[in-house]
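> Structure, please.
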Amino acid sequence: MTIWKQGRLWARWAGLCAISTIGTVRNGEAKSIAVSRTTAAGVPVIVLTVDLGDPRVKVTGMVARHGSGSQEGFNDMIRRTHPTAAVTGTFFSTRSLIPIGDIVLDGRLAHRGGVGTGLCVTEDNQCEFVQPPYRYCPMDWSRYDFVCCSGPRLVSGGVASVHPGAEGFHDSHLLGYAPRLAVGITENSKLLFVATRKRIQLGQMAKAMQKLGCIEAINLDAGSSLGFYHGGKTLIKPGRKLTNLILIYDDRERYARFKSRLAPQPEIARNP
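Numbering: from 1, shown residues only. Now for the predicted structure:
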């Protein structure tokens, strides 16, 4: 066998090992937080599966170190808060650095944005997707521990259906072809964060989320903002600094140690 062929075989073996160990994590989280690669509706995706039935699991978020209107490197944000997994959160203006949607952290309003459908998680891991009646509606999020409003909605009642214009999303960058990130919930309370580097439209992402078993799903920020971290590895690094993230912890005690770093304390106002 030639050295070139040996090298090719070694590279292939190493790649297979990397894929097979992508979900290898600490014993405590192995069954509740896992990453896999698959193809759904013709779209190659990375899927982060979070079992909300595990009371040790904590889903939350964070904003950049200096709060609304500031940005921070993806890896810097992870190093500050030590999550088990993290993905990009909601959209933000690249000029003002202001997120478009409401963000609630630890039961407190960290940012009022007013646009999008909320990924809403209670203290005991009950998950709902809540769409405000109109844009900039002052919502009462008090029953939720974590909220991240983004969109548009991709799956509703198990049906893939995308109407970005009706939800107030008109940005051509959002409506065209781009790498995508979405979050959805299955009937058995599995929260799925799904990313693809392939440039696709929202309708394709909606079909992929439906194929993966999501009964409700919304779109998250992606494109050059797409970030995906799990188990000590940055699987997808964003091409820019970010303003907010969604974090997942496999241990609530570790979350409690770092939750003061989720947002600048003066920025957090008690949710009305």
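> who does the residue nearest the centre of the chain bridge with?
In the chain, the residue lying closest to the centroid (Cα atoms, centre = their mean) is V87, at 4.2 Å. Bridge pairing for V87 (DSSP bridges) gives the partners F228, I246.
> hang on, it packs against G227?
Yes: V87 is within contact range of G227, at 6.3 Å (criterion: Cβ atoms under 8 Å). Every C-beta, even on glycine, is put in place using the N, C-alpha and C of the backbone.
> Just list whatever residues bridge to L192.
T49, G184.
> Near it, how many other residues are there?
Using other Cβ atoms under 10 Å, L192 has 19 other residues around it.
> so how far is V45 from it?
10 Å (Cβ to Cβ, to the nearest Å).
> Overlap of the contact sets of V87 and G227?
L245 (Cβ atoms under 8 Å, 6 or more residues apart in numbering).
> all helices for the chain, in order.
Under the criterion DSSP state H, helices of the chain are mapped to 3-20, 74-81, 172-175, 202-211, 252-258.
> Just confirm Q210 contacts G157, I think it does.
No: using Cβ under 8 Å, Q210 is not in contact with G157; the gap is 10.6 Å.
> So between these two, which is more surrounded?
Per other Cβ under 10 Å, whichever of Q210 and G157 has more neighbours is Q210, with 20 against 7.
> so who does that one touch?
So Q210 contacts A41, V155, G158, V159, A160, A217 (Cβ under 8 Å, 6+ apart).
> returning to that earlier point: now the common contact residues for L192 and V45.
Joint contacts of L192 and V45 (Cβ under 8 Å, 6+ apart) are L212.
> residues in contact with the nearest residue to R257 once chain neighbours are set aside?
Ranked by Cβ to Cβ, 6 or more residues apart in numbering and with sequence neighbours excluded, the top spatial neighbour of R257 is H82, at 7.9 Å. By Cβ under 8 Å, 6+ apart, H82 lies in contact with R254, R257, F258.
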